[in-house]
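S.K.: Pasting the sequence and the predicted coordinates here, then a few questions.
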Amino acid sequence: QCEQPSGSSDNDEDCDDDNDDLYPYDSDGDGVDDACGWQQVSAGGYHTCALDSGGGVQCWGDDDYYQSSDTPTNSGYVIVGTGKYHSCALGSSGAIECWGTNDVNGSVSDAPTGSGYTHMTIGGYHGCVLDSTGTIECWGYDGYDEITDTPTGSGYIDVEAGYFHTCAINSSREVECWGHDDYDQVTATPTSSGYTAVTACDYHNCALDGSGAIECWGLDSVDQITDAPTSSGYTSITGGYGYSCALNSSTGIECWGYDGYYQVTDTPTDYGYKAVSAGTYHACSLDTDGAISCWGRDNYEQVTDIP
């Protein structure tokens, strides 16, 4: 975990740990400012990736397909996303770079080669991006038409890839989903409007409305639908395999659903978080100091090997 250091810097700035082997460190010798913490974290299948203060990518956990060790060595990335066995990053120019397994229908090699993309999301074996016009482009596994059925219009404000399906929010703030539908995760999509965020999980989805209330639909085998919080004021939402997590208005994290690896029970109980990301069976959070915490399944040290 990125601890607040006890060392000091030349400029008396936060987070300088006086150790070049640990992150964050004073790389140029003139101190590290108080934005030195991690900027984003993404929990994937059995690995995790994060962006450091310079937009560099670091990954840890499962590396069977080099989804952790083949991370780009340059910096300037603004989003990192993790799938089941691959990862992708979006650069400051809006270009995409992916690494890891390419065995499932071009999840790596078929990534768009252009630039100017503004948002990226990585699902189990496919990914999607938004361009500056709000047009969605997807690539990778298409066994359930999660690529073929991608909407062709523009004006979308969000898109989120799940395991074998995808959901998006259009310009009217309605939710649209397509792809795998065995558990009505597509056909049971709410028909109202006013949604501000959506997460596509394994076989269920959740969305936030304008009041920050949560609405979930799809498979409910482990109460991932019925146990969703009933209050409002939530600011972000994420989902994994049979469970979901949300950030509440008090900057605390709440998770519900499948708890086979304590990904619900071991959720942090304190406050001061600004982001949470749910992977298959583990989840990670980012606090306001830029420190990462992870919990849940740790079979590849995707929880304990935080840099």
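M.R.: The structure has been received and is ready for your questions.
S.K.: Quick test: name the residue nearest the centre of this protein.
M.R.: Residue closest to the average C-alpha location in the chain (C-alpha atoms, centre = their mean): residue 42, at 4.2 Å.
S.K.: so how far is residue 88 from it?
M.R.: 10 Å (C-beta to C-beta, to the nearest Å). C-betas here are computed from N, CA, C, even on glycine.
S.K.: Across the sheet, point out what pairs with the closest residue to the residue nearest to the centre of the chain other than its chain neighbours.
M.R.: With sequence-adjacent residues excluded and distances taken as C-beta to C-beta, 6 or more residues apart in numbering, residue 42 is closest to residue 82, at 4.5 Å. Counting by DSSP bridges, residue 82 forms beta bridges with residue 87.
S.K.: Just the pLDDT at residue 82, thanks.
M.R.: Here, the pLDDT recorded for residue 82 equals 98.
S.K.: Can you report how many residues lie near it?
M.R.: Burial of residue 82 is recorded as 29 neighbouring residues (other C-beta atoms under 10 Å).
S.K.: Relative to residue 140, how far out is residue 69?
M.R.: 21 Å.
S.K.: One more: residue 127?
M.R.: 6 Å.
S.K.: One more: residue 260?
M.R.: As defined by C-beta to C-beta, residue 260 lies at a distance of 27 Å from residue 140.
S.K.: number of nearby residues for residue 191?
M.R.: Counted with other C-beta under 10 Å, residue 191 comes out at 7.
S.K.: that older thread, go ahead and list the helix or strand containing the residue nearest to the centre of the chain.
M.R.: strand 40-43 (DSSP states H and E).
S.K.: next one: residue 217
M.R.: Here residue 217 sits within strand 214-218, counting by DSSP H and E.
S.K.: show me the contacts for the closest residue in space to residue 114 that isn't next to it in sequence.
M.R.: Nearest residue to residue 114, sequence neighbours excluded (C-beta to C-beta, 6+ apart): residue 95, at 7.2 Å. Contacts for residue 95 (C-beta atoms under 8 Å, 6 or more residues apart in numbering) come out as 113-115, 117.
S.K.: I'd like to know which of those residues are buried.
M.R.: Buried residues within the contacts of residue 95, defined by neighbour count using 16 or more other C-beta atoms under 10 Å: residue 117.
S.K.: now, which of the contacts of residue 95 lie within strands?
M.R.: residue 117 (DSSP state E).
S.K.: closest to residue 131 among the contacts of residue 95?
M.R.: Checking the contacts of residue 95 against residue 131 by C-beta to C-beta gives residue 117 as the nearest, at 5.5 Å.
S.K.: Quick check: that closest one touching residue 90?
M.R.: Yes - counting by C-beta atoms under 8 Å, residue 90 is a contact partner of residue 117 at 6.2 Å.
S.K.: Overlap of the contact sets of the two?
M.R.: Common neighbours of residue 117 and residue 90 (C-beta under 8 Å, 6+ apart) are 96, 129.
S.K.: How about the contacts made by residue 48?
M.R.: Residue 48 touches 41-42, 59-61, 82, 279, 282, 284, 294, 302-303, 306, counting by C-beta under 8 Å, 6+ apart.
S.K.: Inside strands: which ones of those?
M.R.: Using DSSP E, the contacts of residue 48 in strands are 41-42, 59-61, 82, 282, 284, 294.
S.K.: The helix or strand that contains residue 205 packs against which elements?
M.R.: Residue 205 is part of strand 204-209, with elements assigned from DSSP H and E. In terms of contacts (3 or more C-beta pairs under 8 Å, 6 or more residues apart in numbering; DSSP states H and E), strand 204-209 is packed against strand 165-169, strand 175-179, strand 195-200, strand 214-218, strand 236-239, strand 243-247.
S.K.: quick one: residue 252 and residue 246, what's the gap?
M.R.: 10 Å.
S.K.: Can you pick out the residue with more neighbours from those two?
M.R.: More crowded of residue 252 and residue 246, by other C-beta under 10 Å: residue 246, with 26 against 16.
S.K.: Surely that one is in contact with residue 229?
M.R.: Yes - with contacts counted by C-beta under 8 Å, residue 246 reaches residue 229, the gap being 6.8 Å.
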